[in-house]
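*Asks:* Quick one: sequence and predicted model below, then my questions.
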Amino acid sequence: MLKPVLWMHGEAMGPANPALVAHPGAPAVFVFDRELIVQAGLSLKRLGFLYECLLELPVTLRHGDVAEEVLAFARRHGADGVVTTAAVDPRFAQLRERIAAQLPVQVLEPAPFVELPEPVDLRALGAGFSSRSSCSSTALGSLSRSGCSSSG
Amino acid sequence: MRSGDSLPPGDLPRQFASRTELQASLRQLFPEAVGDLSPIRGGHQAAAAALAAIDPAAYGRSRNHLDGAVTHLSPWIRHGVLTLAEVRERVFAWLECSGQPPQAAAKLINELGWRDYWQRLWRRLGDGIWRDREPLKTGHAPEAYTAALPVDLLEARTGLACMDGFVQELHTTGWLHNHARMWLASYVVHWRRVRWQAGARWFLQHLLDGDPASNNLSWQWVASSFSSKPYLFNRDNLERFSSGRYCRVCSAATDGTCPFDASYEQLQVQLLGGPPC
């Protein structure tokens, strides 16, 4: 991919976005997903928060059908592919497939919180809107302390 | 939006003289979106300021209290403005600078682990997070729960100062303390007997950190379709962790009509029809 455009989405809206870091200066686009916004009934608070995040990034803002807009943005810049960052939302995979039907798509992984051997056992359960303290996450046993020199 | 922007057709504006102007532009761009901007600003600058202010030790001691030293980082983490790895490194740097033992940051690191866990679960379950993971353990059939949120709740006029306060805060700021989320969700599902999906969708409409996985699976945990029993609370619990701020001004708290003013055993009988199995 010699001349990509970057597709930004709602799960990687910071300067550490791997696509932005890997391709500084490449044209980047974020599309407000018209269908999702209407279906989910998102409030102005949420859209405004996203908008303010985007105003700090070098990115063109669009509103409409995400796959169509990303492809149109790629054509506008004569791009030969699309680089983006991995996202968990299943909607991302659907959009990526629609884009990939017309242009190569490269998906970069963000820095992991913790490296775990696969398959990961996700049966451990506590909950609450962030957690219950009575149950510790299976992830924590393997947490790396890279870059930290404090003892213990 | 400024008329001076010379943008290609369909590109959204990036220049605004003020937040007021931004809000006015967003109203035009998204006429279907309700409400105003949150007082909480988006962007990495605001995120970095919040990250610099964290106190993991105080967080660990006080996070369950509404006035506790919670980080407020969730909106930026949810949208990847801050990654969990960045927050983790900040916590480790805090440990190094403060000279505190690692245990001082354990609660906060644990919470970051939970965020990671929910995301891993979402990757595995996909849209299955919108369906009951298990049967409810409430003794009520799924049909006993209504599909729509009550109007008095949405208009913050239940007459219960706590719940009305939470609704107002949710609608105005787009953020609620975790304990408030749990109380409000429990009230919606168990006292008002509304399907958890209606509450989950409502939270996602308003919470700046609204993440379908964390949100929906937590609603399911409250409802008991993703846990071994329903989550109930009582007045003692709410009053203690809110330092009494709602009960002091609540007429229901003084006239004997507070629906939460009971023991857990009484609530179990009243709401679920019997003692826990």
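*Replies:* Noted; the coordinates are in hand. Numbering: from 1, shown residues only, chains lettered A, B, ... in the order given.

*Asks:* what about the stretch 51-200 of chain B, any weak spots by pLDDT?
*Replies:* Judged against pLDDT under 70, the stretch 51-200 of chain B has no low-scoring part.

*Asks:* Is the nearest residue to A:Ser43 once chain neighbours are set aside in a helix, a strand, or coil?
*Replies:* Nearest residue to A:Ser43 in three dimensions, chain neighbours excluded: B:Gly35, at 4.8 Å (CB to CB, 6 or more residues apart in numbering or on different chains). (Each C-beta comes from the backbone N, C-alpha and C, glycine too.) Look at B:Gly35: counting by DSSP: H, G, I helix; E, B strand; the rest coil, its state is coil.

*Asks:* Test my guess that B:Gly35 contacts A:Lys45.
*Replies:* Yes - the criterion here is CB atoms under 8 Å, and B:Gly35 meets it with A:Lys45 at 5.8 Å.

*Asks:* list residues touching both of those two?
*Replies:* Taking CB atoms under 8 Å, 6 or more residues apart in numbering or on different chains as the criterion, B:Gly35 and A:Lys45 both touch B:His206.

*Asks:* Who has more neighbours out of the two?
*Replies:* A:Lys45 (30 against 18; other CB atoms under 10 Å in any protein chain shown).

*Asks:* Now for that one: which residues touch it?
*Replies:* Applying CB under 8 Å, 6+ apart, the residues near A:Lys45 are B:35-38, B:173-174, B:206, B:208.

*Asks:* now the strands: where do they sit in the chain?
*Replies:* As the question left the chain open, I've gone with chain A. Ranges of strands within chain A are A:4-8, A:28-33, A:60-64, A:81-85, A:105-108, based on DSSP state E.

*Asks:* Point me to the helix or strand that includes the closest residue in space to B:Ala180 that isn't next to it in sequence.
*Replies:* Closest residue in space to B:Ala180, ignoring its immediate chain neighbours: B:Phe166 at 4.9 Å, by CB to CB, 6+ apart. B:Phe166 is part of helix B:161-173 when elements are defined by DSSP states H and E.

*Asks:* What is that helix packed up against?
*Replies:* helix B:151-154, helix B:178-186, helix B:196-206, helix B:251-254 (3 or more CB pairs under 8 Å, 6 or more residues apart in numbering or on different chains; DSSP states H and E).

*Asks:* I'd like to know how many residues surround A:Leu61.
*Replies:* Number of residues near A:Leu61 (other CB under 10 Å) recorded here: 21.

*Asks:* my bad, B:Ala17
*Replies:* B:Ala17 has 9 nearby residues by other CB under 10 Å.

*Asks:* Next one: it from chain A, what distance?
*Replies:* 13 Å (CB to the nearest CB, to the nearest Å).

*Asks:* which one of the contacts of A:Lys45 has the most neighbours?
*Replies:* Most crowded among the contacts of A:Lys45, counting by other CB under 10 Å, is B:Gly174 at 26 neighbours.

*Asks:* Wait, that residue touches B:Gln205, no?
*Replies:* No - the pair B:Gly174 and B:Gln205 does not pass the contact test of CB under 8 Å, sitting 9.4 Å apart.

*Asks:* Check the gap between A:Gln94 and chain B for me.
*Replies:* Separation of A:Gln94 from chain B (CB to the nearest CB) stands at 11 Å.

*Asks:* What is the neighbour count of that residue?
*Replies:* Using other CB under 10 Å, A:Gln94 has 12 neighbouring residues.

*Asks:* Can you name the residues that contact it?
*Replies:* Contacts of A:Gln94 (CB under 8 Å, 6+ apart): none.

*Asks:* likewise the one 4 residues further on?
*Replies:* Applying CB under 8 Å, 6+ apart to A:Arg98 gives the contacts A:Ala67.
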